[in-house]
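Visitor: My questions concern the predicted model and sequence given below.
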Amino acid sequence: MSEAVAHDHHHAHPTGLKRWLFTTNHKDIGTLYLWFSFTMFIVGGIMALVIRAELFEPGMQIVKPNFFNMMTTLHGLIMVFGAIMPAFVGLANWLIPMMIGAPDMALPRMNNWSFWILPFAATLLVAPMFMGGNFMDGQGPAFGWTFYAPLSTNYQNLGFFVFAVHLLGISSIMGSINIIATILNMRAPGMTLMKMPLFVWTWLITAFLLIAVMPVLAGAVTMLLTDRYFGTSFFIAAGGGDPVLFQHVFWFFGHPEVYIMILPAFGIVSHIIPTFARKKLFGYSSMVYATASIAFLSFIVWAHHMYTVGMPKAGILFFTYATMLIAVPTGVKVFNWVATMWRGAMTFETPMLFAIAFVVLFTFGGFTGLMLSISTADFQYHDSYFVVAHFHYVLVPGALFAIIAGVYYWLPKWTGNMYSETLGKWHFWLSAISVNLTFFPMHFVGLAGMPRRYADYQLQFAEFNMMSSIGGFVFGLSQLIFLYLVIKCIRGGKKATDQVWDNPEGLEWTVPSPAPYHTFETPPAVK
């Protein structure tokens, strides 16, 4: 074999398994993230259906209480760290280089590693379920997704859990470094920060949030680890520690985390709404400033999760006012989305339907959040199903609907094929109706006094729980339409045009990818 041939052979694109294991291509890595995320969404969804099946009627029918607690714990952890976050990172990988005119991510090898840590972390998270005696006895973590000490420090297999969280954190931090490095160093000439598409902006800010808070979570779980195995007493009162300290450290991570799960969603709908309203986004710069304000405020509201632990009045007042303040920049965003649609030439393709549902239902979740921010009222709401209703409105028709909207919106660009609009609309209407059937009644049972995280409940809550359970199963099964539709679209279908959506502004790609060749002496004109 001549040198030239050997050289070519060495640089040929690997195929099959090797392509996916060793890829440094941002599109391939984005695809891996999205499929991993969908897999975890199904796994976490099955756990949610176990919960809803048990709660279909009062009494204990299907699982033991400890197994039920394990389902609530793993459902929360898998949906947050396995479904929502990796989906946004997958979208970031696919879109950011194309939106800023970069040939790839800044650190392609690290990009590969960031992804491949995740399947192993997920495995560690669920592995203890299959250890020890009878599967239905539930050996997995059963201490709630917030893993409050001292309950979590008494857990047998805590080491697995802690290592899983560390790996998830490492993945997030590396992904964020990559995103920041790419956005700050690889924009095409002429693309100033204030000309960047909003999805890029929301991810830039989200990446800083992740780098700030993932080490705090790592610290919290490391203290759990040493309390459990090395005789420290960070959170053990008998040794001079403080269980409430755990809550402070956890929520200092946990509150910015919920904004990490929504800011990229804001970016996605800020792309979709202008396209289908056929108007420029209303108030671009105010959107950027609002995103930054939300990110800043997210760090100074954490103890609103802790009104009932016995804080001094001054502390409670501070966290009440600071939390209410977040409603202002969030309201600016909602106003801008509505103003974008105002008198636009609107059409209602599937991405737009999901985006509009996002605006309406996310806003509703925001209002119940405002109710929860009122400390005196929160004593009634705290740890009731009202809280469950609130955060599921923000995370399901909020974060998840935005992800789904983004997939429908960019799928023709990714695959070159159009998806079935009919199936997309079936998916939307079934999802939108069932998500409300599932979570709306939870406000009522919560206000009537039903506590969250219980496997059994009193008779008066039976009808609403039955409604929620039926809604949950319909919602879960509706997602199979989505799976079918995506696979069908990848395999073929009507070819997508250059301008997939009939949009006079031109489709989202602000600059071509990879960036055009030029001398850098005179920046090209940007309209």
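Guide: Perfect, thanks for sending it. Numbering: from 1, shown residues only.
Visitor: For Ala164, give me its contacts.
Guide: By C-beta atoms under 8 Å, 6 or more residues apart in numbering, the contact list for Ala164 reads Ala121, Ala122, Leu124, Leu125. In this view, the C-beta of every residue, glycine as well, is placed from N, C-alpha and C.
Visitor: just Met418 next, same as before
Guide: Pro412, Cys489, Gly493, Lys494, Lys495, Ala496, Val500.
Visitor: The residue nearest to the spatial centre of the chain and Met352, how far apart?
Guide: Central residue of the chain (C-alpha atoms, centre = their mean): Ile84, 2.9 Å from the mean position. For Ile84, the distance to Met352 equals 22 Å [C-beta to C-beta, to the nearest Å].
Visitor: in the stretch 201-350 of the chain, which spans are helices?
Guide: 243-260, 263-277, 284-297, 313-341, 350-373 (DSSP state H, counting those that start in this stretch).
Visitor: In the protein, where is pLDDT below threshold?
Guide: Scanning the chain for pLDDT under 70 picks out 1-12, 503-527.
Visitor: Now with 90, please.
Guide: Under the criterion pLDDT under 90, the flagged ranges of the chain are 1-16, 131-139, 156, 190, 493, 496-527.
Visitor: how close does the residue nearest to Thr330 when sequence neighbours are not counted sit to Val213?
Guide: With C-beta to C-beta, 6 or more residues apart in numbering as the criterion, Thr330 has its nearest non-adjacent residue at 5.8 Å, and that residue is Gly366. To Val213, Gly366 is 21 Å away according to C-beta to C-beta.
Visitor: Neighbour count: those two, which is higher?
Guide: Set side by side, Gly366 and Val213 show more neighbours around Val213, with 24 against 21, by other C-beta atoms under 10 Å.
Visitor: distance of the more buried one from Phe318?
Guide: Look at Val213 and Phe318: by C-beta to C-beta, they are 20 Å apart.
Visitor: same deal with Ala405?
Guide: Noted for Ala405: a distance of 36 Å to Phe318, by C-beta to C-beta.
Visitor: of these two, who's got more company?
Guide: The neighbour comparison of Ala405 against Phe318 (other C-beta under 10 Å) goes to Ala405, with 26 against 16.
Visitor: Would you agree the more buried one is in contact with Val269?
Guide: Yes: using C-beta atoms under 8 Å, Ala405 is in contact with Val269, at 6.7 Å.
Visitor: Could you pull out the residues contacting both of the two?
Guide: Residues touching both Ala405 and Val269 (C-beta under 8 Å, 6+ apart): Ala355, Phe358.
Visitor: Write a PyMOL command that selects only the buried members of the contacts of Met418.
Guide: This is the PyMOL syntax for the buried subset of the contacts of Met418, where burial follows 16 or more other C-beta atoms under 10 Å:
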select buried, resi 412+489+493+496+500
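Visitor: Format the contacts of Met418 as TSV; extra columns: secondary structure.
Guide: Shown next, in TSV, are those (DSSP: H, G, I helix; E, B strand; the rest coil):
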residue	secondary structure
Pro412	helix
Cys489	helix
Gly493	coil
Lys494	coil
Lys495	strand
Ala496	coil
Val500	coil
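Visitor: picking up where we left off before, nearest to Ser293, of the contacts of Ala164?
Guide: Distance to Ser293 across those (C-beta to C-beta) is lowest for Ala121, with 32.1 Å.
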